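>>> Have a look at this prediction, sequence included:
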Amino acid sequence: MFSDRESFNRFCIGKYPGLLAYARLFLKGEDREWAKDVVQDVLFAVWKRRFFLRDDPEKVHAYVMRSVYNRCMNYLEHSMVRRKAEEDFAEFVSLARRYYDPDNNSVMRALFDRDRRESISRSVERLPQKQQEVFRLSYFEEKNHQEIADLLGISVRTVDAHIYAALKNLRSALQNI
């Protein structure tokens with residue numbers, strides 16, 4: 001269908017505004033800028049597949065429209081997964097903040113009680129190795145989560161997860177103190 005670059009450029013110039021408007025039907029708000037990327041990606045894919053496309057302009061148009069639709073749907077699905085993960089993480093952080101607050105957390109209060117340090121120390125030693133290591137760095141060496149992540153070569157989210165699990169385990173182990 002496109003014998004040369006010039007005929008493809010004419011095709012793009014003619015189709016771009018309509019394809020962009022179509023993509024923007026799906027991608028609203030902040031995602032509207034992605035509509036340009038979607039259309040450009042589709043047109044680039046058409047250029048790469050130009051030798052496999054039939055010379056029927058209606059079929060090429062249908063192929064391009066379907067491609068824009070599919071890429072928009074893929075973007076929206078990916079966006080939903082990303083937003084869900086961000087919401088889940090925000091909820092996790094909110095819960096973790098409550099556990100870190102010594103006023104609301106019996107484990108944290110017990111950490112500051114000198115008479116109970118021995119019980120706490122034994123409970124900490126019973127934690128799985130990574131939880132124990134992260135917990136000690138955070139609460140005994142007073143390193144922040146980023147410092148711990150850098151030191152151990154893990155992500156901050158992994159540090160958060162280890163501390164959350166350690167606090168949960170310690171709360172269970174120290175509930176009778």
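Ah, there it is.

>>> from the chain's centre, how far out does the longest helix along the chain sit?
Assignment by DSSP state H gives helix 57-100 as the longest helix of the chain. On the basis of CA atoms, centre = their mean, to the nearest Å, helix 57-100 sits 10 Å off its chain's mean C-alpha point.

>>> So which elements touch it?
On a contact count with 3 or more CB pairs under 8 Å, 6 or more residues apart in numbering; DSSP states H and E, helix 57-100 meets helix 5-26, helix 32-48, helix 106-111, helix 156-173. (Each C-beta comes from the backbone N, C-alpha and C, glycine too.)

>>> go with 7 Å
helix 5-26, helix 32-48, helix 156-173 (3 or more CB pairs under 7 Å, 6 or more residues apart in numbering; DSSP states H and E).

>>> Can you list the buried residues in the second one?
Translated: helix 32-48. By 16 or more other CB atoms under 10 Å, the buried positions in helix 32-48 come out as W34, A35, V38, V39, V42, L43, V46.

>>> Name the nearest residue to the fourth one, sequence neighbours excluded.
Taking CB to CB, 6 or more residues apart in numbering, and ignoring the residues beside it in sequence, V39 has L19 as its nearest neighbour in space, at 4.6 Å.

>>> Quick check, that neighbour in contact with Q40.
No - in this structure L19 lies outside contact range of Q40 using CB atoms under 7 Å: 9.5 Å.

>>> how many other residues sit next to D160?
18 (other CB atoms under 10 Å).

>>> What residues does S94 make contact with?
By CB atoms under 7 Å, 6 or more residues apart in numbering, no residues touch S94.

>>> What's the separation between it and E87?
Separation of S94 from E87 (CB to CB, to the nearest Å) stands at 11 Å.

>>> Check the gap between H162 and R136 for me.
11 Å.

>>> Sounds good, over and out.
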